[in-house]
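Asker: Any chance you could fold what I've pasted below:
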Amino acid sequence: MDARTLGLLIVGLGLAIAVVGVLVAVGAFGWFGRLPGDLRFEGERTSVLVPITSMILVSLVLTLLLNLILRR
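Answerer: Model (predicted):
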């Protein structure tokens with residue numbers, strides 16, 4: 001991998017992180033942690049969120065995207 005390709009890869013990753021940050025800021029990920037199968041435990045002073053279903057969904061989407069991008 002040459003320097004130009006590495007530079008473009010770093011810039012692309014930075015842009016992707018910025019886009020996800022903007023989506024989080026505007027509330028596009030309000031569903032995260034609220035799907036059926038996501039566990040939420042709340043006590044008097046503590047709360048624990050275990051987003052099992054949400055993380056499986058994110059994993060599937062990222063796997064599909066990476067397979068589409070890297071397949072040649």
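
Asker: so how far is Phe41 from Ala28?
Answerer: For Ala28, the distance to Phe41 (C-beta to C-beta, to the nearest Å) stands at 26 Å. For every residue, glycine as well, the C-beta is placed using N, CA and C.

Asker: Parallel or antiparallel, list what pairs with the helix or strand harbouring Leu49.
Answerer: Using DSSP states H and E, Leu49 maps to strand 47-50. Strand 47-50 has its sheet partners listed here by DSSP bridges as strand 39-42 (antiparallel).

Asker: who's in contact with the partner strand?
Answerer: With contact meaning C-beta atoms under 8 Å, 6 or more residues apart in numbering, strand 39-42 is reached by 33, 47-52.

Asker: Leu9 and Asn67, how far apart?
Answerer: From Leu9 across to Asn67, the span is 18 Å (C-beta to C-beta).

Asker: hang on, the earlier thing: from the contacts of strand 39-42, which is closest to Val61?
Answerer: Set against Val61, the nearest of the contacts of strand 39-42 by C-beta to C-beta is Pro51 (14.0 Å).

Asker: Tally up the residues packed near the closest one, please.
Answerer: Per other C-beta atoms under 10 Å, the neighbour tally for Pro51 reads 17.

Asker: per-residue pLDDT, it?
Answerer: On the pLDDT scale, Pro51 is placed at 92.

Asker: Verify the contact between it and Phe29 for me.
Answerer: No - counting by C-beta atoms under 8 Å, Pro51 does not reach Phe29; the two are 10.8 Å apart.

Asker: can I get the CA coordinates of the helix or strand hosting Val61 in CSV?
Answerer: Following DSSP H and E, the helix or strand that holds Val61 is helix 52-70. Output in CSV follows, covering the C-alpha atoms of helix 52-70 (Å, rounded to 0.1, in the frame of the first residue of the first chain):
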residue,chain,number,x,y,z
ILE,A,52,-27.6,-7.2,22.3
THR,A,53,-30.1,-6.9,19.4
SER,A,54,-28.8,-3.5,18.4
MET,A,55,-25.2,-4.7,18.3
ILE,A,56,-26.2,-7.7,16.2
LEU,A,57,-28.0,-5.4,13.7
VAL,A,58,-25.0,-3.0,13.6
SER,A,59,-22.6,-6.0,13.0
LEU,A,60,-24.7,-7.4,10.2
VAL,A,61,-24.9,-4.0,8.4
LEU,A,62,-21.2,-3.4,8.7
THR,A,63,-20.4,-6.9,7.5
LEU,A,64,-22.6,-6.4,4.4
LEU,A,65,-21.0,-3.0,3.7
LEU,A,66,-17.5,-4.3,4.0
ASN,A,67,-18.2,-7.3,1.8
LEU,A,68,-19.7,-5.0,-0.8
ILE,A,69,-16.7,-2.6,-0.6
LEU,A,70,-13.9,-5.1,-0.5
